[in-house]
Every structure is written in C-alpha cells, then in structure tokens.
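K.L.:
give me a 3D structure for the following:
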Amino acid sequence: MIRNDSAYWTDEEGIVKVDRTRWEEAQKFESDGWMVHWRCDIDDRSPEHSMLFANYSILPDDLGHVAEYGCGPFTQLRHISTFHKKSFKSVCLIDPLIDSYPNLQNCTYKNGLLCGVSVTTVKSQAEEHIIHNNYDTIICINVLEHVQDVWKVLNNINASLKTGGRLILGERTYDNFDCTKLFDIGHPIRIKTAVIRKYQQNFRVLYNSTSQGYEGYFIGVKK
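P.N.:
Numbers count the residues shown, from 1 in each chain. Below is the predicted model of the structure:
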C-alpha cells in the first residue's frame, strides 16, 4: 500500500496539523538524517534562503535579542550575521533535537557561542516555547514543514515577539500540491499561501518573496 498524508489535507490551508505519531515519525527521520547521512555537512542551504530574502537588505544592522525556532545544527542567524553583517545582543535557539546537534563536528554553537555571542538553547517543540513580548527578532526558516501544528507555532511566535519586533519567516507554499501522489516522511506539513496571507495581517510587511512556491518568505514588523 502506498502511503500519503491525505487524511490531514484541507482545501483551504493544505496540511497545517498532523497527529503526534506522524510528527514523531518525521522527527526520527530528521534525527537519523543528521546523525548518520548529513553528519559532515557544514550548512543547511543558507545561501539559498538568503537569496529568497533579497540578502536580508531590509533588516537593520542590529537585530537585538533574537530567537531562532528550528535552528538545526548551524542556524540561519550565523549566515545572516557573518555574511550580511548583522549584529545581535543575545540568541535563544529552540529545537526539539537541539541536545544532539553539538555531537556533530560542524555544529556552529557547540562551544556555547554563536558568532562570539553566548547562546541559550531550549529543547522544545515550537508549539511549546513561548515567552511573551520577549524578542526583538524571531527567525523561523524552513521550519513549519517539520512541525506538528502550524497555527500553534505561528501564534506562539507572534506572542513571543515584541510589538515593533521583526519576524523573518521562510516557508515553501503548496497551492497546487497533490498529497495523494507524494509521501515525504520527513515533511508532513504542506501549507498553502492562504496561511501566510492570513498570518501577515499581524504584521507590517517589509519584504515578501515573489518567487513561485516561495511566497511564504517574508519579513515583517509586528503591529
């Protein structure tokens, strides 16, 4: 029998929520990937994401107090800071697999520092981490397709961001996706552009990608 995720699909938003079993299956795939197949990698497509954000040129020079959800072993903040000369005062890295990443030889914060700044790490699903009005900048790039409940994550991010703070959100959109024809064990979530447009009502949008399928890449200021 060929598997698919059609049980989770809605015509309005795509796949925005899966059950715990499906999410844990995807997390095991992700963990096995990093610990075995990708353990010698040095980056997770940071230049590609940078291009979709027009090289982050809209961002200020100082990002202030930063949180990065779904940071992985390298973070996107490292690339933003190093290659685009953006400084930051502090950083909190949130990821359900974060305890395992320092075992990788190329993990960029294994010594407790990222770009010379002390790192706070939180082992948590994005659905569970929320500190109200705490961060000046939140980064969430290529993360939503790995979560269990998209709207819970997005609402947590919005609550954790200070009014006037910046969100850097990057996610592929799947308006014409047929989930009966493709099963991707590691990526259970498939959102439509409508999800992004609805969420953007909370923000003054500074930048939005116009690349087809990448309309979920935007930078906004929380209203």
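
K.L.:
what about residue 48, which SS state?
P.N.:
Here residue 48 is helix, with the state taken from DSSP: H, G, I helix; E, B strand; the rest coil.

K.L.:
and it, how many neighbours?
P.N.:
As a burial measure, residue 48 scores 12 neighbours (other C-beta atoms under 10 Å). (Glycine included, C-beta is placed from N, CA and C.)

K.L.:
and the residue lying closest to residue 143 once chain neighbours are set aside, what is it in contact with?
P.N.:
In this structure, residue 143 finds its nearest non-sequential neighbour in residue 70, 3.2 Å apart by C-beta to C-beta, 6 or more residues apart in numbering. When the contact criterion is C-beta atoms under 8 Å, 6 or more residues apart in numbering, the partners of residue 70 are 94-95, 126, 140-143, 146-147.

K.L.:
hmm, 10 Å instead?
P.N.:
Contact partners of residue 70, counting by C-beta atoms under 10 Å, 6 or more residues apart in numbering, are 76, 93-98, 125-126, 139-147, 153.

K.L.:
listing partners with orientation, what would you give for the top strand by length along the chain?
P.N.:
Ordering each strand of the chain by length in residues (DSSP state E) puts strand 161-170 first. Applying DSSP bridges to the sheet, strand 161-170 is found paired with strand 135-141 (parallel), strand 218-222 (antiparallel).

K.L.:
per-residue confidence averaged over the first one?
P.N.:
When you say that, I think you mean strand 135-141. Averaging the model's pLDDT scores along strand 135-141 yields 98.

K.L.:
swap in stretch 25-41?
P.N.:
Here the mean pLDDT over stretch 25-41 is 97, rounded to a whole number.

K.L.:
what's the end-to-end length of it?
P.N.:
23 Å (C-alpha to C-alpha, to the nearest Å).

K.L.:
now do stretch 47-61
P.N.:
Stretch 47-61 has an end-to-end distance of 19 Å (criterion: C-alpha to C-alpha).

K.L.:
which positions in that stretch come out as buried?
P.N.:
Burial within stretch 47-61, assessed by neighbour count using 16 or more other C-beta atoms under 10 Å, is assigned to 49-50, 52-53, 56, 59.

K.L.:
so which of those is the closest to residue 212?
P.N.:
The shortest gap between residue 212 and any of the buried residues of stretch 47-61 belongs to residue 52, at 11.5 Å (C-beta to C-beta).

K.L.:
hmm, residue 170 and the closest one touching each other?
P.N.:
Yes: shown here, residue 52 and residue 170 form a contact pair, counting by C-beta atoms under 10 Å, at 6.4 Å.
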